[in-house]
Structures are given as C-alpha cells and as structure tokens.
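Colleague: Need coordinates for the following:
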Amino acid sequence: PLYLNEFSDSLAPHDLSASDEFQSLLESAADLGIDAPDTVRYRSHNTVLRSQRFHFLEWGDPANPPLILLHGSNQSAHSWDLVSLHLSRDWHVFALDQRGHGDSEWSRTADYSVHEMAADLAAFIEVIGATQPVVIGHSMGGMVTLTFTRNHPGVPSAIGVVDIGPEVNAEGTKMIREFVGRNIEFDDMEEFLDRVEKYDRYRTRAHIAKTLKYNLLRRADGKYVTKNDRRRFHAEGDVRRTPALDELAQLPMPVLIVRGGDSNVLVQDAAERFVDALRDGRLVTIPDCGHNVASQNTSGFLAAVKDYLASLD
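Modeller: Alright, predicted model coming up:
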C-alpha cells in the first residue's frame, strides 16, 4: 500500500477510536506510564483551507475548551498523539497536519514559509469555529504560532512555544537539517528505524517503531520515503520577518516557553531573553530530552503543560 496509516479519504470524518492504531497508542501510553482514557472521541478529518486540502485529528468532547497543536518540521499531527490522548479528558484537541506534511496536500506553489502557515492557521481556526483557543506549537509550529499571534493578538487565549524562539542556535538547526537531508528514501522500514534510533537516544526502538507508519509512505517502486514535501528545503526565503523580541513584548496573553534540557536549538540564555521580554511569560526546562520535547520526555512535557493550562483563567 502507498499509505501505511488510516485517515479519512473524503470530507466525512473517519472514526479512529476503535482502530488498531488507537490500541497501539494505548499500549505506548501504558508503557510510558501516561494516564489515558480507555475510550475517547478521536477522528480524522479533511478540510479545505485557502484552496488546499488539509488533514487534521480531532480528540475529545466538543464541549471542552479548544486546544490546537502544531507539529515541527518533518513531523505530523500524529507527533502529538500521546499528548492529545492525555489532554483529551479536559480539552477539545485539534492537531493539524501543516501544509506539505503528514496527510495534508502539498503546496502547488511550494510556499512553505511560516507566514503562509500562519495564514493557514487563521483559516483553520475559522473553519473549526474555535473561540479563544489555546495554541501550542513545536519548533516550526512554534514559529507559526508566534507569527500568527503577532498578527492576530486577540485570537488565542494563551500560547505555548516548544523549543524555539526568536533566537535559535544555528548549529542545532543545522544538525537537524543535515539529518533530514540524509534520510530521504529507504529500502525498508528497518533501515529508517536504525537511523532514527541512532539519532534519537531518548526513545526506545519499540516506541519509535510504532510511530513509523505516520512518517513514511511506500512509493510505487517499493522504496519508503518520508511523508513531506522536500521542495520546502529549496524554497526561496520569505522577505517578511518572523517576530522579533520587541514585537513579542506586546503580546497580551500568557505565553509558555518549553525548553528541552539537552536541546542545542533553543539554548538557555536565548530562552531567558525570550521569557524576560514577555509581559506574561513562563519558561520551563524539561530534563532528559533534546529538541523533540513532547516525544522524548512525554511525561515531563505533559506535567509542565498541564500545570500551565490549569493556571489559565
């Protein structure tokens, strides 16, 4: 098969709550000691935003307050699955596959700037009818969150930014780009698994193996390729600026900054300058993880996020 995971093949929602994938996720949660509901409203959806098809995952009771999760580069909505599962008890969670990622359509113009993604987010919030959502973004998704919030400061009630900020360490981002650039196609899934295991020392091989189906698809020639549009690495830079510290100082809402304790992307002094610039900022450093905080130390990440969410009015 071309696709290795289940998702909606139309504009009708596809129920995933009884799927083998959901059972596998419950097993992962149990292995990691993450509290999870046995049953949850969990659906795959497609929608059209700005003339492009987008896929997203919806978790939990629509009566709960809305929480939107934005993944990082080379990842997908499923990167948040353990987080979404746990938070779905109290939140109506939406995890979006951003343009050119996961099960969303690739951009016809190859425009993958955070500015276009921020416009996608604005359209998405309107389509799902979310009022005053909390928005949390990791890495690329964090820059999308900051750009969107600068442009629409009245929309989110609070935001979270995971291991990214206005100042990042070039060496850290270079290492990620090089890993992604070296890992494009594979003869079999074991080859990809070997490489990810060597790169990500925080997760077990068994845990990584369960998530591979969301990161790969099988080409007609039988090779496996990563499931995102590689043209975004060769696109020209956007002349529009991403938010600077002085602009973020104007944000009226609470802002949580989460840093991975071993991360070389958002280093400690840059994180401190970021939080010091904010009106209502909180910085939490999570131990025993690098850049991919939510997957490498899920329990630590959830503890910080839940504490933050509980502090909101």
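Colleague: quick one: the strands in the chain?
Modeller: 14-15, 42-49, 52-59, 66-70, 92-96, 134-138, 158-162, 185-186, 216-218, 224-226, 255-260, 281-286 (DSSP state E).
Colleague: Now the third one: buried residues?
Modeller: This points to strand 52-59. Across strand 52-59, burial judged by 16 or more other CB atoms under 10 Å covers 52, 54-59. The way it works is simple: take the backbone N, C-alpha and C, and place the C-beta from them, glycine included.
Colleague: Taking strand 66-70 as reference, get the angle to it.
Modeller: Relative orientation of strand 52-59 versus strand 66-70 (axes from the mean of the first three to the mean of the last three CA atoms, to 10 degrees): 120 degrees.
Colleague: how far does strand 52-59 sit from the chain's center?
Modeller: Taking CA atoms, centre = their mean, to the nearest Å, one finds the center of strand 52-59 at 13 Å from the center of the full chain.
Colleague: List the contacts of that strand.
Modeller: 7-8, 13, 16, 40-48, 77-78, 81, 84-85, 87-88, 91-99, 102-105, 107-108, 120, 124 (CB atoms under 8 Å, 6 or more residues apart in numbering).
Colleague: Output the strands of the chain as TSV; include the columns mean pLDDT and distance to residue 2.
Modeller: Shown next, in TSV, are the strands of the chain (pLDDT from 0 to 100; distance: least, CB to CB, whole Å):
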stretch	mean pLDDT	distance to residue 2
strand 14-15	99	17
strand 42-49	99	16
strand 52-59	99	15
strand 66-70	99	26
strand 92-96	99	22
strand 134-138	99	27
strand 158-162	99	31
strand 185-186	90	14
strand 216-218	93	6
strand 224-226	92	10
strand 255-260	99	34
strand 281-286	99	36
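Colleague: Point out the one among these that comes closest to residue 26.
Modeller: Closest approach to residue 26 among these is made by strand 42-49 (10.9 Å; CB to CB).
Colleague: coming back round to it: if we only consider the buried residues of strand 52-59, which is nearest to residue 285?
Modeller: Nearest to residue 285 among the buried residues of strand 52-59, with distances taken as CB to CB, is residue 59, at 27.0 Å.
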